[in-house]
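Colleague: Below is the sequence, then the predicted model.
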Amino acid sequence: MQDHTVVVDHTLTRSTIMFAPVFNVAVPFIDHHLIEGRSEKVAIRTVAGDVTYGELAEQVNRCGNVLRDMGLMPGDRLLMIVKDCPEFFYLFWGAIKTGVVPVPVNTLLRAPDYQYMINDSACAAIAYSPEYAAEVAPALVSVARRPEVLVTEGDDTALQARSTGASTALDAVAAAAEDDCFWLYSSGSTGRPKGAVHRHRDIVVTCVHYAVDTLGMGEDDVCFSAAKLFFAYGLGNTMTFPLWVGATAVLSDQRPTPQMTFDLIDRFKPTLYFGVPTLYAAQLRALEQASRDVSSLRLCVSAGEALPPDIFRRWQARTNLIILDGIGSTELLHIFISNRFEDCKPGSSGRVVPGYELQIVDENDAPVAPSEIGRLLVKGDSAARCYWNNPKKTAATMRGEWVNTGDTYLQDNEGYYVYCGRSDDMLKVGGIWCSPVEIESRLVEHPKVLEAAVVGRADDDALTKPEAYIVLHDAGDASDAMANELLLHCQDGLARYKYPHWIHFVDDLPKTTTGKIQRFQLRKRD
Ligand code: 3UK
């Protein structure tokens with residue numbers, strides 16, 4: 001096989017993927033389209049204009065050269081705090097083409113999180129959209145090693161200006177399918193985020209088994225994702241999937257609201273829409289007020305947290321469209337259990353995606369009896385190699401070829417997988433990780449708070465939101481005004497989706513004899 005090629009043998013049951021010994025994933029996803037005659041085809045659409053596959057390949061090369069000129073070497077990390085815009089593509093693929101490891105991170109985080117990631121990744125450079133300057137600048141003040149800094153747009157030191165003067169020619173660095181390629185940070189209930197190290201091949205595996213074999217994606221699709229590119233979910237939906245099949249991605253740097261998503265669907269006429277349950281619920285409320293044109297869509301997808309069956313049914317009744325719920329993770333890169341257009345069971349995550357294997361096990365790691373609940377393990381070729389610099393967390397999660405998802409599941413008598421909750425205390429709010437410990441830590445920073453415990457509670461749409469139980473130093477201080485004050489205090493230090501939706505004042509918290517908060521006791525309260 002020639003350098004950088006990948007051959008996919010599509011069979012009825014499962015596709016096999018063969019990589020050339022020399023393989024840089026930027027070649028099939030970027031360069032290949034020029035050879036296939038797609039130069040004039042639109043790769044990216046935004047309200048600011050379109051980018052063709054030809055322009056994309058050129059900008060990726062320019063950006064790769066800018067990174068090289070900054071002194072970045074193969075293996076160096078490039079931390080990316082970048083909004084959804086074409087520059088995200090240029091940086092991600094320009095880095096990979098030169099052997100630099102891009103690390104896109106959540107743009108909703110705050111300075112202390114970024115400072116941690118700069119130190120943990122020991123990144124050689126950080127690229128950010130100017131919108132995030134207020135959180136990035138303080139993060140850079142006291143880091144162990146100051147990275148090179150690249151703002152995406154602005155003055156003549158910005159990426160856009162530097163790219164203009166850079167060469168449009170760039171050869172892909174020779175790599176192998178199994179080499180490290182990019183990282184994504186994932187949060188845990190305790191401790192700091194962990195960098196999941198992904199290989200070149202992982203991207204191809206998700207595109208073949210999920211985008212093509214499960215969703216039936218093709219060149220004529222136009223993809224729009226409410227989940228942003230920095231999530232593994234968004235990264236597949238509107239970047240790697242469309243680039244694999246030569247389709248078109250729609251990007252927006254705006255916060256996903258019902259209005260924003262419907263306006264974009266109306267304007268760009270996507271065929272595939274990727275959302276999260278919270279947003280589907282909000283979109284439904286908006287549709288009940290005024291109908292919107294979604295007739296361009298052939299399919300909707302939901303992931304990030306379980307899709308309540310009621311939302312599936314109401315969406316289908318309003319739009320005539322099916323929402324395919326599927327579970328994915330940062331560690332597996334994308335969805336590994338999914339419903340299908342022709343095989344969909346609301347209230348379940350569906351069946352295993354080809355290319356993956358599943359096990360539901362008990363506390364001794366033995367398979368559970370049929371229809372019994374257990375911990376879900378998954379095996380597949382898109383699994384992260386390890387967590388960066390974290391052998392303990394790596395050993396706990398990646399057990400040989402099997403990845404411990406931290407989720408509990410059962411397989412029902414029809415073979416569908418049904419989500420039964422986390423096996424740790426982590427919450428998914430609007431599809432985004434939320435550690436109760438982090439919210440509690442912020443709450444106890446308030447001088448009047450003695451102790452705090454946070455759990456997930458279902459709202460009226462059956463979607464999880466954080467709920468806080470607070471013990472005050474002086475019980476007499478408990479009031480609605482105090483609750484408001486605590487909310488403002490949270491707004492000051494936490495990302496928006498982490499604010500508690502309900503605050504209860506209590507005299508004490510349920511604890512184990514060793515003093516650990518028993519969150520499960522609080523979850524049982526009405
Ligand atoms: C939960 C779900 C029930 C579950 C993701 C699609 O969410 C993604 O990645 P994360 O690393 O979180 C993984 C965890 O989220 N979860 C995700 N989807 C579902 N629970 N039903 C679902 N449909 O706890 C899982 O372990 O943020 C989603 C594609 C790529 C992704 N990384």
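Modeller: Received it, and whenever you're ready, just let me know what you need.
Colleague: Help me confirm that Ile96 is found in a strand?
Modeller: No - according to DSSP: H, G, I helix; E, B strand; the rest coil, the state of Ile96 is helix, so it is not within a strand.
Colleague: How about the contacts made by it?
Modeller: 24-26, 102, 181-182, 200 (CB atoms under 8 Å, 6 or more residues apart in numbering). In this view, the C-beta of every residue, glycine as well, is placed from N, C-alpha and C.
Colleague: Next, give me the two most distant ones among the residues you listed.
Modeller: Asn24 and Pro102 (13.2 Å; CB to CB).
Colleague: before we move on, the earlier item: out of the contacts of Ile96, flag the one nearest to Pro147.
Modeller: Nearest to Pro147, judged by CB to CB, of these is Pro102 at 13.2 Å.
Colleague: That closest one is in contact with Val82, isn't it?
Modeller: No - the pair formed by Pro102 and Val82 falls short of the contact definition of CB atoms under 8 Å, at 9.5 Å.
Colleague: Just send the contacts of Ile96 back as CSV, with neighbour count, distance to the ligand and pLDDT too.
Modeller: Compiled in CSV, these are given as follows (neighbours: other CB atoms under 10 Å; distance: CB to the nearest ligand atom, whole Å; pLDDT from 0 to 100):
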residue, neighbour count, distance to the ligand, pLDDT
Asn24, 26, 23, 98
Val25, 28, 17, 98
Ala26, 29, 21, 98
Pro102, 23, 16, 99
Cys181, 23, 16, 98
Phe182, 26, 13, 98
His200, 24, 18, 98
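Colleague: From those, which land in strands?
Modeller: Judged by DSSP state E, these include 102, 181-182 as members of strands.
Colleague: Identify, from the residues you listed, the entry nearest to Phe88.
Modeller: Nearest to Phe88 among the ones in strands among the contacts of Ile96, counting by CB to CB, is Pro102 at 9.4 Å.
Colleague: Distance of that closest one relative to Val471?
Modeller: Distance of Pro102 to Val471, computed by CB to CB, to the nearest Å: 44 Å.
Colleague: Also Tyr356?
Modeller: Distance, Tyr356 to Val471, using CB to CB: 44 Å.
Colleague: ok, these two, which is more surrounded?
Modeller: Tyr356 (20 against 17; other CB atoms under 10 Å).
Colleague: how far away is the more buried one from Val208?
Modeller: The separation that Tyr356 has from Val208, given CB to CB, amounts to 12 Å.
Colleague: With adjacent residues omitted, what lies nearest to the closest residue to the ligand within the chain?
Modeller: Relative to the ligand, the nearest point of the chain is Gly328 (2.6 Å; CB to the nearest ligand atom). Taking CB to CB, 6 or more residues apart in numbering as the measure, Gly328 lies nearest to Ile335, with 3.9 Å between them; neighbours along the chain are not counted.
Colleague: And the one you found, its phi and psi?
Modeller: phi -80, psi 130 (degrees, to the nearest 10).
Colleague: residue contacts, it?
Modeller: Ile335 sits in contact with 206, 210, 214, 233, 236, 303, 326-328, 353, where contact means CB under 8 Å, 6+ apart.
Colleague: again, but for Asp69
Modeller: By CB under 8 Å, 6+ apart, the residues touching Asp69 are 162, 166.
Colleague: 10 Å - rerun?
Modeller: When contacts are counted by CB atoms under 10 Å, 6 or more residues apart in numbering, Asp69 is found next to 162, 165-167.
Colleague: For ChimeraX, write the select line for the buried members of those residues.
Modeller: Once 16 or more other CB atoms under 10 Å is used to decide burial, the buried members of the contacts of Asp69 can be selected in ChimeraX as follows:
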select :162,166
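Colleague: Turn the contacts of Asp69 into JSON lines, including pLDDT and secondary structure.
Modeller: Below are the contacts of Asp69 laid out as JSON lines (pLDDT from 0 to 100; DSSP: H, G, I helix; E, B strand; the rest coil):
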{"residue": "Arg162", "pLDDT": "97", "secondary structure": "helix"}
{"residue": "Gly165", "pLDDT": "94", "secondary structure": "coil"}
{"residue": "Ala166", "pLDDT": "98", "secondary structure": "coil"}
{"residue": "Ser167", "pLDDT": "98", "secondary structure": "coil"}
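Colleague: Tell me the one of the contacts of Asp69 nearest Arg422?
Modeller: In terms of CB to CB, no member of the contacts of Asp69 lies closer to Arg422 than Arg162, at 44.0 Å.
Colleague: if I look at that closest one, how far off is Thr107?
Modeller: When Arg162 is compared with Thr107 (using CB to CB), they lie 22 Å apart.
Colleague: ok, and the closest non-adjacent residue to Lys337?
Modeller: Small correction: residue 337 is Ile, not Lys. Residue nearest to Ile337 in three dimensions, not counting chain neighbours: Ser349, with 4.5 Å by CB to CB, 6+ apart.
Colleague: looking at it, the one you found is touching Val418, isn't it?
Modeller: Yes - with contact taken as CB atoms under 10 Å, Ser349 and Val418 are classed as touching, separated by 7.1 Å.
Colleague: Mutual contacts of Pro102 and Val82, please.
Modeller: Residues within reach of Pro102 and of Val82 at once, by CB under 10 Å, 6+ apart, are 88, 91-92, 127.
Colleague: who wins for most neighbours among these?
Modeller: Highest neighbour count within the shared contacts of Pro102 and Val82, by other CB under 10 Å: Ala127, with 31 neighbours.
Colleague: Against Asn320, how distant is that one?
Modeller: Using CB to CB, one obtains 42 Å as the distance from Ala127 to Asn320.
Colleague: How many neighbouring residues does Leu170 have?
Modeller: One way to gauge burial is a neighbour count; for Leu170, by other CB under 10 Å, it gives 22.
Colleague: that older thread, tabulate the contacts of Ile335 (CSV), appending neighbour count.
Modeller: As requested, the contacts of Ile335 are arranged in CSV below (neighbours: other CB atoms under 10 Å):
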residue, neighbour count
Thr206, 30
Tyr210, 26
Thr214, 25
Tyr233, 28
Gly236, 28
Ala303, 28
Gly326, 25
Ile327, 23
Gly328, 25
Val353, 26
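Colleague: Go through these and flag which are in strands.
Modeller: Cross-referencing the contacts of Ile335 against strands under DSSP E gives 326-328.
Colleague: Nearest to Glu58, out of these: which one, please.
Modeller: Proximity of these to Glu58 was ranked by CB to CB; the top entry is Gly328 with 31.9 Å.
Colleague: quick one: low-confidence parts of the stretch 151-300 of the chain?
Modeller: 189-190 (pLDDT under 70).
Colleague: I am finished for the moment; much appreciated.
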